[in-house]
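In: Quick one, structure for this:
(2 chains)
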Amino acid sequence: MSALLLAAIRSRAALGASVAVILLAAVLAVLAPYLPLADPDAMIAVPYSPPGAEHWLGTDNFGRDIFARIVWGTRLALTVAIVSSAIASLLGIVMGSIAGYFGGPVDAVLSRTFDVFLLIPSFFLVLLIVALFGSHIGYTMVAIALTTWPRSARIMRAQVLSLKSRVYVQAARAAGASHTHTLVRHIVPNGIAPIVTDATILMGLAILTEAGLSFLGLGDQNVVSWGRMIFEGQRQLRLAPWMSIFPGLSLLVLVAAFNLVGDGLNQALSPQLRRLAARATPRKPVAAEPGDSVTGTDAPMLEARGLTLAYALDGKMLRAVDGVSFSLPRGGSLGIVGESGCGKSSLGAALLQVMAPNATLESGDVSIDGRTVLRDGRVVQANGRDVIADMRWTSVSIIFQSAMNALNPVMTVGRQLAEAYRLHKPAATQAQVDGRIAEVFDLIGIPRSRLPAYPHELSGGMRQRVMIALSLLHSPGLVIADEPTTALDVLVQDQILGEIDDLRRRMRLSLILISHDMGAVAETCERVAVMYAGEIVEIAPTDVIFEGASHPYTQALLAALPTVTGPRRELVSIPGETASLVNPPAGCRFSPRCTRAQDVCRSTPPPRVALGPAHDALCHFPGPERAS
Amino acid sequence: MRRYLLLRVFQLVPVTLVVIVLNFLLVHLAPGDVSIVLAGDNADPAYLAIIRERYGLDRPFLEQLWRYLVQVGSGDLGVSFRSREPVFAEIMSRVPATLLLVGTSLVISVVLGTLVGAWIARRPGSALDSSVSALAVALFSMPVFWLGLMLVLLFAVELQVLPAMGMASVDGPRDGVGRVLDVAQHMILPVLALTTVSFGQYVRLSRSAVAEVMSESYITTVRAIGFPERTILMHYALRNALLPVVTVLGLQLGLVLTGAVLTETVFSWPGLGRLIYDAILARDTPIIMGAFIAMSVTVAFASLLTDLVYAALDPRVKLT
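Out: Modelled structure (predicted):
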């Protein structure tokens, strides 16, 4: 965790500054009695002196030095912060652990207690406690802790719930460790990080609460408090504004520092937040050139040359698509297969230029329907608009995988289709919109009665059909289907694949089917491209791939495919892990897992070898599988 | 829907019970005689006797608790010993002023904060995002009472363009448009102080919610359909990001009310905060106890309301 914190500090200036502020405050607080400061309580200077050489921040109405009082005020602020949040966290850890660990009725009772206490407005309870018991700083700190502990308890409970099923915890229990021992030694230390993060936020809150109390006159009069200084300064606002300005600034800086540290820790501890913050620098668009638009039907439906897409991840570049080239004739169908993580979905997103924000197209040319949309990795623009923007959904659409997430959960499917239709046909009447949607629903076989349904009210297969209907709304020439059937059961998978194939033939669509499933691709596509570690390692007509695959990876994929009709044989899984896309192997990327690899494979990138009409492979030793 | 509503209303009960019992326990644990805590240090013997009788202070402990629960449950929060008025009436008379202040500031800060947060979430990690996010942290790290004083210093003392005290001018118009404008003018500074601090909260909240939604698959879908980025942000992402904003809105009402009390103190705004402040100065415990109960019930009720709004916004929540 400290290593993570250091890394986070290095990458974020605000976090570094905040840690410095807190350290400085701590040093001042500890050293206050030994510093050459005026006595903070001595009423000896000239009252109401403005800030100057003698009194840096001026003096108050009693002639006390404000700078000295601010330094001493740091002590109280930090004490309140540390003591209150320590009691609150401790109480939270204990109660949260008990609730999460024992579960059942214990958890039910404790969780309800946390919820109830969270609803109590802390400041008013603290106010009441201090009003009843007296303005002693000890009461204040305990009162703050008593009103904030349920926060920590809730976090700890969630942590314990997720930790208690882990293997090492189970192992400790099995080895005979007591409940207490398991909790204290194995669960709490591993679940404490978010509590620490939240404690920094609690510290800021505690400081502000104490300051607020002091400002209402409920502060401890025996200690120097910034809040109390503002309380006293309020009445002298006209005469001596510096009495209120400086303690307030100190509060602001210290509390902001705690909040920023909490923020930074949160970022450092949460991979998801880091992923959200990752972002690639966008490349400058280029203007369309005269030859960029080929009319007529000579041009292929889709042509990609040397397409390369990289993700920025924690300062490294991960090249998920690396120099991919292929071409798809009008009305043709191409399957792109490969294991998960081989870059096939990134390829689909890259073709429509709808990648994640941390992805960038490094190089390559793409043209769709005769129009160049990407040249040398740059977005092509015509008349100030991205060419691809005019083609999305009218010329090319995409069916995303897992339609549960690909459809908006808080909008009815009918409305989602209607809005998509209106976007490209702004002049359409309501009747035209309804008519077209009914048409595509009929086409896919979705009952029209499902229009007012929300995505979560539909079955997986129905949702996927809605997604397909959506993609056909504007009768595009090209549809990219990205794992359209992955989340579905086998029967529905076959139905939907059959429907896609049928539609393709009837509507003369060009289709790109992205899938990890060789079988699915074989049924639907005329050609197959096999991807491995960002590259197309073999591309050929479907029957050639199945009858005479030449790349060892393709052969391995086929060997992993179970057959119903063919002879019974052992299923072979491919040993090893897919190549790292951050540091790909020097030679052939498949060489570490390849049974046929020689020295040259490990040192030299393989050539693209043409093996027949429309068939090539990226391999040093392409050829039929040898009996071994 | 009806069952859901009943169930949620029923969940208000434990919070209210806990708050009342806490009140009761604290008064009994506090140093000094309970009757003096409730009647004030300078109470005459006759009044002390009335208070003892009223709360049954010579009865067994549990009977006292029961009496107190029944009393509070029937809306009787005791009597202020400063004004000798029922606490409930005192509190209710101050609600409109506080509601005006808190309501105005909440609406402004939620709307502006959500929009700004969504705007900077378009490019998480960009210079604009980092600087506005850091500024937002600075804003909600500010003690609201100090910000109020600084606003008074600038606009009322130095520039002398805005009133700094009270809700209306002493010699101002009593009714009609003049009255409205007068109050509006008095509202500017307190609303500005309160809004600035909670604005920071909503900027951050909406920023992280929108950034999260923008990374969802269905946003990629509408992007692929060809919707322009502005439409995606304002129409699709913001609507879905409102869900967490609504949740926190309810949970954080306690903080907003805290800010309101402190702000009212600075500006002598005649609301609940001012009532509490005066009660503290006069050690008028029944008022402070009553305010605690009132604030807790308000927050619990607000959380109920936000749950209902959430259910209305998110079709996935089943109202059973």
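
In: ok, and the closest non-adjacent residue to residue A:160?
Out: Once flanking residues are discounted, residue A:160 sits nearest to residue A:100: 3.0 Å by CB to CB, 6 or more residues apart in numbering or on different chains. For every residue, glycine as well, the C-beta is placed using N, CA and C.

In: Per-residue pLDDT of the one you found, please?
Out: At residue A:100, the model reports a pLDDT of 89.

In: How is the closest residue to residue B:41 other than its chain neighbours assigned, secondary-structure-wise?
Out: Residue nearest to residue B:41 in three dimensions, not counting chain neighbours: residue B:283, with 6.9 Å by CB to CB, 6+ apart. At residue B:283, secondary structure determined by DSSP: H, G, I helix; E, B strand; the rest coil is coil.

In: still on that earlier bit, if I pick the residue nearest to residue A:160, what's in contact with it?
Out: A:107, A:156-161, A:164 (CB atoms under 8 Å, 6 or more residues apart in numbering or on different chains).

In: Which ones among those residues map onto strands?
Out: If you go by DSSP state E, the contacts of residue A:100 have nothing in strands.

In: Just the buried positions in the one helix or strand residue A:20 maps to, please.
Out: Assigned by DSSP states H and E, residue A:20 falls within helix A:13-31. By 16 or more other CB atoms under 10 Å in any protein chain shown, the buried positions in helix A:13-31 come out as A:14-15, A:17-19, A:21-22, A:25, A:28-29.

In: repeat for stretch B:164-182
Out: Here stretch B:164-182 shows B:164, B:167-168, B:182 as buried, counting by 16+ other CB under 10 Å.

In: cool, and stretch A:498-515?
Out: Residues of stretch A:498-515 classed as buried by neighbour count (16+ other CB under 10 Å): A:499-501, A:503-504, A:509-515.

In: top of the contacts of residue A:100 by neighbour count?
Out: residue A:156 (29 neighbours; other CB atoms under 10 Å in any protein chain shown).

In: quick one: the helices in the stretch 51-200 of chain A?
Out: Under the criterion DSSP state H, counting those that start in this stretch, the stretch 51-200 of chain A contains helices at A:66-102, A:104-119, A:122-133, A:137-163, A:167-174, A:179-181, A:188-191, A:193-215.

In: Minimum distance to residue B:12: which of those helices has it?
Out: helix A:104-119 (9.1 Å; CB to CB).

In: what's in contact with the helix holding residue A:20?
Out: Residues outside helix A:13-31 that contact it (CB under 8 Å, 6+ apart): A:8-10, A:35, A:71, A:74-75, A:77-79, A:253-254, A:256-258, A:260-261, A:263-264, B:130, B:134.

In: and stretch A:62-75, C-alpha only, in CSV?
Out: The C-alpha trace of stretch A:62-75 is given here as CSV (Å, rounded to 0.1, in the frame of the first residue of the first chain):
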residue,chain,number,x,y,z
PHE,A,62,-6.7,41.3,23.2
GLY,A,63,-3.2,41.9,21.8
ARG,A,64,-2.5,38.2,21.2
ASP,A,65,-0.2,37.2,18.3
ILE,A,66,-2.4,35.6,15.6
PHE,A,67,0.5,33.7,13.9
ALA,A,68,1.4,32.0,17.2
ARG,A,69,-2.3,31.2,17.8
ILE,A,70,-2.6,29.6,14.4
VAL,A,71,0.4,27.4,15.0
TRP,A,72,-1.0,26.3,18.3
GLY,A,73,-4.4,25.8,16.7
THR,A,74,-2.7,23.2,14.4
ARG,A,75,-2.3,21.1,17.5
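
In: wait, which of the helices of the stretch 51-200 of chain A is closest to residue B:253?
Out: helix A:104-119 (9.5 Å).

In: can you pull the buried residues of that closest one?
Out: For helix A:104-119, by 16+ other CB under 10 Å, it's A:107, A:110-111, A:113-114, A:116-119.

In: any chance of these in CSV, plus distance to chain B?
Out: As requested, the buried residues of helix A:104-119 are exported to CSV (distance: CB to the nearest CB, whole Å):
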residue, distance to chain B
A:107, 16
A:110, 13
A:111, 12
A:113, 8
A:114, 12
A:116, 5
A:117, 8
A:118, 7
A:119, 5
